[in-house]
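**Q** Got a sequence here, can you model it:
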Amino acid sequence: MKKLIAIASAGGHWVQLLRLRPAFEGCDVTYITTMKHMSDILPGEKVRFVPDASKSEKFRLFILSIRLFYLIIRIRPKVIVTTGAAPGVIALLIGRLLGANTVWIDSIANAEELSLSGRLAVGRADMVLSQWPEVAAKYEGVEWKGAVV
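**A** Below is the predicted model:
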(Lines give C-alpha, C1' and ligand atoms only; values in the text may rest on other atoms or scores of the structure.)
Protein backbone atom coordinates (compact mmCIF):
# COMPACT_ATOMS: atom_id res chain seq x y z
CA MET A 1 0.00 0.00 0.00
CA LYS A 2 1.37 3.41 -1.00
CA LYS A 3 2.31 5.64 1.94
CA LEU A 4 1.03 9.19 1.64
CA ILE A 5 1.37 12.26 3.84
CA ALA A 6 -1.50 14.75 3.64
CA ILE A 7 -0.45 17.96 5.39
CA ALA A 8 -2.07 21.34 5.96
CA SER A 9 -2.24 24.17 8.46
CA ALA A 10 -5.41 24.42 10.53
CA GLY A 11 -8.43 26.29 9.23
CA GLY A 12 -9.33 26.59 5.57
CA HIS A 13 -6.20 24.77 4.40
CA TRP A 14 -7.20 21.77 6.54
CA VAL A 15 -10.83 21.85 5.34
CA GLN A 16 -9.70 21.80 1.71
CA LEU A 17 -7.27 18.95 2.39
CA LEU A 18 -10.01 16.87 4.02
CA ARG A 19 -12.17 17.31 0.92
CA LEU A 20 -9.49 15.36 -0.95
CA ARG A 21 -9.86 12.29 1.30
CA PRO A 22 -11.69 10.19 -1.33
CA ALA A 23 -8.65 10.58 -3.61
CA PHE A 24 -6.47 8.98 -0.92
CA GLU A 25 -8.51 5.77 -0.81
CA GLY A 26 -6.29 2.72 -1.01
CA CYS A 27 -3.31 4.61 0.45
CA ASP A 28 -1.74 4.37 3.88
CA VAL A 29 -2.35 8.01 4.86
CA THR A 30 -0.78 9.98 7.68
CA TYR A 31 -2.38 13.37 8.23
CA ILE A 32 -0.22 16.18 9.62
CA THR A 33 -1.67 19.44 10.90
CA THR A 34 -1.00 22.26 13.34
CA MET A 35 -3.86 21.91 15.83
CA LYS A 36 -4.40 18.88 18.04
CA HIS A 37 -8.19 19.05 18.16
CA MET A 38 -8.27 18.54 14.38
CA SER A 39 -7.79 14.81 14.94
CA ASP A 40 -11.26 14.62 16.50
CA ILE A 41 -12.79 14.58 13.02
CA LEU A 42 -10.52 11.73 11.88
CA PRO A 43 -11.13 8.94 14.40
CA GLY A 44 -9.06 5.87 13.67
CA GLU A 45 -6.76 7.74 11.27
CA LYS A 46 -3.07 8.44 11.80
CA VAL A 47 -2.77 12.12 12.68
CA ARG A 48 0.45 13.87 13.69
CA PHE A 49 0.97 17.42 14.89
CA VAL A 50 3.56 20.05 14.13
CA PRO A 51 3.95 23.62 15.39
CA ASP A 52 2.64 26.35 13.13
CA ALA A 53 5.02 29.04 11.92
CA SER A 54 5.19 31.93 9.50
CA LYS A 55 7.96 33.67 7.59
CA SER A 56 8.40 36.19 10.42
CA GLU A 57 8.98 33.47 13.05
CA LYS A 58 12.42 32.14 12.12
CA PHE A 59 12.96 30.02 15.23
CA ARG A 60 9.52 28.42 14.93
CA LEU A 61 10.24 27.67 11.25
CA PHE A 62 13.43 25.94 12.34
CA ILE A 63 11.59 23.83 14.94
CA LEU A 64 8.85 23.05 12.41
CA SER A 65 11.45 21.94 9.86
CA ILE A 66 13.16 19.61 12.34
CA ARG A 67 9.84 18.06 13.36
CA LEU A 68 8.78 17.56 9.74
CA PHE A 69 12.15 16.06 8.80
CA TYR A 70 11.79 13.57 11.66
CA LEU A 71 8.22 12.63 10.66
CA ILE A 72 9.02 12.26 6.97
CA ILE A 73 12.08 10.11 7.70
CA ARG A 74 9.96 7.86 9.96
CA ILE A 75 6.95 7.61 7.64
CA ARG A 76 8.89 7.35 4.34
CA PRO A 77 5.97 8.44 2.13
CA LYS A 78 5.87 7.88 -1.62
CA VAL A 79 3.66 10.97 -1.98
CA ILE A 80 3.17 14.23 -0.05
CA VAL A 81 0.05 16.30 -0.77
CA THR A 82 -0.59 19.71 0.77
CA THR A 83 -3.03 22.58 0.54
CA GLY A 84 -0.68 24.87 2.50
CA ALA A 85 0.65 26.83 4.19
CA ALA A 86 4.18 26.95 5.71
CA PRO A 87 4.15 23.38 7.10
CA GLY A 88 3.06 22.11 3.71
CA VAL A 89 5.73 23.83 1.67
CA ILE A 90 8.45 22.78 4.12
CA ALA A 91 7.19 19.18 3.98
CA LEU A 92 7.29 19.32 0.17
CA LEU A 93 10.88 20.54 0.15
CA ILE A 94 12.01 17.87 2.61
CA GLY A 95 10.00 15.16 0.87
CA ARG A 96 11.39 16.05 -2.52
CA LEU A 97 14.95 15.81 -1.15
CA LEU A 98 14.10 12.35 0.19
CA GLY A 99 12.56 11.12 -3.07
CA ALA A 100 8.82 11.54 -2.45
CA ASN A 101 6.48 12.73 -5.19
CA THR A 102 5.03 16.08 -4.13
CA VAL A 103 1.79 17.91 -4.91
CA TRP A 104 0.97 21.50 -3.89
CA ILE A 105 -2.67 22.63 -4.17
CA ASP A 106 -2.97 26.37 -3.63
CA SER A 107 -5.91 27.59 -1.56
CA ILE A 108 -9.16 28.55 -3.25
CA ALA A 109 -8.81 31.88 -1.41
CA ASN A 110 -5.95 32.85 -3.75
CA ALA A 111 -8.11 33.97 -6.65
CA GLU A 112 -5.69 36.51 -8.14
CA GLU A 113 -2.20 35.14 -7.51
CA LEU A 114 -0.45 32.19 -5.93
CA SER A 115 0.28 32.38 -2.22
CA LEU A 116 3.86 32.96 -1.09
CA SER A 117 4.14 29.27 -0.20
CA GLY A 118 2.65 28.35 -3.57
CA ARG A 119 5.25 30.46 -5.36
CA LEU A 120 7.95 28.67 -3.34
CA ALA A 121 6.49 25.32 -4.44
CA VAL A 122 6.72 26.20 -8.16
CA GLY A 123 9.72 24.42 -9.64
CA ARG A 124 10.24 22.47 -6.44
CA ALA A 125 7.08 20.34 -6.18
CA ASP A 126 6.37 17.70 -8.80
CA MET A 127 2.94 19.23 -9.37
CA VAL A 128 1.58 22.67 -8.44
CA LEU A 129 -2.14 23.26 -8.84
CA SER A 130 -4.21 26.42 -8.57
CA GLN A 131 -7.94 26.19 -8.06
CA TRP A 132 -8.40 29.12 -10.45
CA PRO A 133 -7.65 28.78 -14.20
CA GLU A 134 -6.72 32.47 -14.43
CA VAL A 135 -4.11 32.09 -11.69
CA ALA A 136 -2.67 28.92 -13.22
CA ALA A 137 -2.28 30.73 -16.55
CA LYS A 138 -0.08 33.40 -14.92
CA TYR A 139 2.63 30.98 -13.76
CA GLU A 140 4.78 28.57 -15.71
CA GLY A 141 4.55 25.09 -14.22
CA VAL A 142 1.20 25.68 -12.51
CA GLU A 143 -1.83 23.70 -13.63
CA TRP A 144 -5.57 23.98 -13.12
CA LYS A 145 -7.54 20.75 -12.72
CA GLY A 146 -10.62 22.16 -10.99
CA ALA A 147 -11.49 23.29 -7.49
CA VAL A 148 -11.47 21.35 -4.24
CA VAL A 149 -14.28 23.43 -2.72
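**Q** ranges for the helices of this protein?
**A** Counting by DSSP state H, the chain has helices at residues 12-18, 58-75, 86-97, 116-121, 133-138.
**Q** Could you list the buried residues of the fourth one?
**A** Think helix 116-121. 117, 118, 120, 121 (16 or more other C-beta atoms under 10 Å). Quick note: C-beta positions are derived from backbone N, CA and C, even for glycine.
**Q** try stretch 70-82
**A** Here stretch 70-82 shows 71, 72, 75, 77, 79, 80, 81, 82 as buried, counting by 16+ other C-beta under 10 Å.
**Q** Could you measure from the residue nearest to residue 65 when sequence neighbours are not counted over to residue 62?
**A** Excluding its sequence neighbours, the residue lying closest to residue 65 (C-beta to C-beta, 6 or more residues apart in numbering) is residue 90, at 5.4 Å. Per C-beta to C-beta, to the nearest Å, residue 90 is found 10 Å from residue 62.
**Q** higher neighbour count, the two?
**A** The residue with more neighbours, out of residue 90 and residue 62, is residue 90; 23 against 11, by other C-beta atoms under 10 Å.
**Q** and the residue nearest to residue 121 when sequence neighbours are not counted, how many residues sit next to it?
**A** Leaving aside its chain neighbours, residue 121 sits nearest to residue 104 (3.8 Å; criterion: C-beta to C-beta, 6+ apart). By the criterion of other C-beta under 10 Å, residue 104 has 28 neighbours.
**Q** Against residue 94, how distant is the residue sitting nearest the centre point of the chain?
**A** Nearest residue to the geometric centre of the chain (C-alpha atoms, centre = their mean): residue 82, 1.7 Å. According to C-beta to C-beta, residue 82 and residue 94 sit 12 Å apart.
**Q** what's the answer for residue 19, then?
**A** 25 Å.
**Q** Same drill for these two, tell me which one is more crowded.
**A** With neighbours defined as other C-beta under 10 Å, residue 19 and residue 94 compare such that residue 94 has more, 19 against 13.
**Q** ok so, going back, tell me the pLDDT of the closest residue to the residue nearest to the centre of the chain other than its chain neighbours.
**A** Nearest non-adjacent residue to residue 82, counting by C-beta to C-beta, 6+ apart: residue 88, 3.0 Å away. pLDDT, residue 88: 97.
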